[in-house]
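Trainee: Just to be clear, the model below is a prediction. Sequence and coordinates:
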Amino acid sequence: MATPASAQRLKNQIALITGGSSGIGAGVAKAMAAEGASVIVNYAHSADEAAAVVKEITEAGGKAIPFQADVSKEEDVLRMFDHIREQFGTLHILVNNSGIQVDAKFVDMTLAQWQKVIDVNLTGQFLCAREAAREFLRRGPEPEISAALGKIICMSSVHEVIPWAGHVNYATSKGGIMLLMKSMAQELAPHKIRINSIAPGAIATPINLTARDTPEEERDLLTLIPYGRIGQPSDIGKVAVWLASDEADYVTGTSIFADGGMTLYPGFADNG
């Protein structure tokens, strides 16, 4: 159900959510549309899933379109931003959410496995953020719509700080996102462009289904979460809406950990 118009914190804003066809991206797309944003649901392969997200948003009274682009390819990203300008005139919010896992033990990991994850998770965020910043600067301020010139949210992970054996490429990409975000934020803050990260913990999405597809596996996962529940995409959507809104106008260059306390190192709760 759409949020009442009086509460719409992102009214008249255009938001691009990469990897918006499922999981966290879909949760963010729905949350931002409910707050008044017109949403571009980017997807790489899953056209049917993207169409389903768009249908749910529009049936609830929101505005959304799907757009196919591989964020690891510069030509696709440029094509996507050209389409956004043609369709909507500009962009106000980028949620850099596209991400993949290609897991292997370190000694068995191929260069192709390493490169694929870095290309999507890190280079994809660089390409999309660069084009978003260029568009914000081209457009100029619209104080009646947003206090900031533009907002970029980088989707990171608790693994920007927690090492993860067997997932070296993924953890490296997320650690890189942290310093990419901070360095961009430092450079672009004088232009009133705000850049932050959300670092989710265990969220109920397809990417981590194998870690929770039996009661025993879910119980083991919960031992890592002091708050006692697995997160939902809507939990991340709420954080993203706040970060993109004027309520967070003095927040830039920081990671918000939405993880139920996973980064509290629960193994030390009983004196280690």
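Mentor: Okay, I see it.
Trainee: hey, let's count contacts and neighbours off CA atoms from now on
Mentor: OK.
Trainee: Buried residues in the longest helix along the chain, which are they?
Mentor: Looking across the chain with DSSP state H, the single longest helix is helix 168-188. Within helix 168-188, the residues that count as buried by 16 or more other Cα atoms under 10 Å are 168-178, 180-182, 184-185, 188.
Trainee: swap in stretch 77-91?
Mentor: Those would be 77-78, 80-81, 84, 90-91, for stretch 77-91 by 16+ other Cα under 10 Å.
Trainee: Those in helices, which ones?
Mentor: 77-78, 80-81, 84.
Trainee: Pick out whichever of those sits closest to residue 257.
Mentor: Nearest to residue 257 among those: residue 77, at 27.7 Å, using Cα to Cα.
Trainee: same for the longest helix of the chain, what does it pack against?
Mentor: Counting contacts by 3 or more Cα pairs under 8 Å, 6 or more residues apart in numbering; DSSP states H and E, helix 168-188 packs against helix 111-118, strand 193-200.
Trainee: Residue 249: which of those is closest?
Mentor: Using Cα to Cα, the nearest of the helices and strands packed on helix 168-188 to residue 249 is strand 193-200, at 7.7 Å.
Trainee: Tell me how many other residues surround the nearest residue to residue 169 once chain neighbours are set aside.
Mentor: Nearest non-adjacent residue to residue 169, counting by Cα to Cα, 6 or more residues apart in numbering: residue 114, 5.3 Å away. Each residue near residue 114 was counted by other Cα atoms under 10 Å, and the total is 21.
Trainee: Please identify the most buried of the helices and strands packed on helix 168-188.
Mentor: strand 193-200 (a mean of 25; mean count of other Cα atoms under 10 Å).
Trainee: What pairs with it, parallel or antiparallel?
Mentor: Sheet pairing here is set by DSSP bridges, and for strand 193-200 it gives strand 150-155 (parallel), strand 255-258 (parallel).
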